[in-house]
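Peer 1: structure here, sequence nowhere to be found:
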């Protein structure tokens, strides 16, 4: 598997992955992602900013992750372990047809290595309280809950961080 900067040519497959993921989330009663978020313009903005990375598995787009230093305003309400510059990963998506290959963990590791390469060994992220799959993934990869915040959903989001040094 390779990870590279995302391109506009990746957008259709990324949105196919997102639509499949939304259907799975809906069937599980998880409304973190829905028919209105995320949209193609969210990923296009990430591509144009140079912050979206695409996993290529067997020659095809298999997933993506956005890695930047943009934090939701609500993050100020979490109990982070460090009050220092950090990188944040967002909109992690993997093709449901090939889940179980470790692609999500590899994308997270890529994000962490990117942060360290920029001299910032600290990573943050969040997920919806109903998204138990993401919670297990983050915890499996060494992330620790750093608090609960409320954003644009009825249920809370859990914030996670990881010290990379």
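Peer 2: Okay, I see it. Just so we're clear, the structure is a prediction, and the values are computed from it rather than from any experiment. Residues are numbered from 1 along each chain as shown.

Peer 1: what comes into contact with the longest helix that the chain contains?
Peer 2: Using DSSP state H, we find that the single longest helix of the chain is helix 11-27. By Cβ atoms under 8 Å, 6 or more residues apart in numbering, the surrounding residues in contact with helix 11-27 are 6, 31-35, 38, 40, 43-44, 47, 54, 60-61, 63-64, 93-97, 131. (C-beta placed from N, C-alpha, C; glycine too.)

Peer 1: now restrict the residues you listed to buried residues only.
Peer 2: Buried subset of these (neighbour count, 16 or more other Cβ atoms under 10 Å): 6, 31-33, 38, 43-44, 47, 54, 61, 63-64, 93-95, 131.

Peer 1: okay, strands next: where are they in the chain?
Peer 2: Here the chain has its strands, by DSSP state E, at 2-5, 52-57, 60-68, 87-94, 122-128, 144-149, 157-163.

Peer 1: how about the second one: buried residues?
Peer 2: What that stands for is strand 52-57. Result for strand 52-57 [16+ other Cβ under 10 Å]: buried residues 52-55, 57.

Peer 1: same check on the last one?
Peer 2: By neighbour count, with 16+ other Cβ under 10 Å as the criterion, the buried positions of strand 157-163 are 157-162.

Peer 1: ditto for the shortest one
Peer 2: Along strand 2-5, these residues count as buried under the neighbour rule (16+ other Cβ under 10 Å): residue 3.

Peer 1: other SSEs contacting it?
Peer 2: The contact analysis (3 or more Cβ pairs under 8 Å, 6 or more residues apart in numbering; DSSP states H and E) places strand 2-5 against strand 52-57, helix 103-117.

Peer 1: okay, the buried residues of strand 52-57 in JSON lines with pLDDT and distance to residue 16 next?
Peer 2: Output for those, formatted as JSON lines (pLDDT from 0 to 100; distance: Cβ to Cβ, whole Å):
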{"residue": "52", "pLDDT": "98", "distance to residue 16": "15"}
{"residue": "53", "pLDDT": "98", "distance to residue 16": "18"}
{"residue": "54", "pLDDT": "98", "distance to residue 16": "13"}
{"residue": "55", "pLDDT": "98", "distance to residue 16": "14"}
{"residue": "57", "pLDDT": "96", "distance to residue 16": "14"}
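
Peer 1: biggest separation within those residues, which pair?
Peer 2: 52 and 57 (16.5 Å; Cβ to Cβ).

Peer 1: from the chain's centre, how far out does stretch 14-32 sit?
Peer 2: 14 Å (Cα atoms, centre = their mean, to the nearest Å).

Peer 1: same question for stretch 38-57.
Peer 2: 11 Å.

Peer 1: can you check stretch 24-44 too?
Peer 2: 12 Å.
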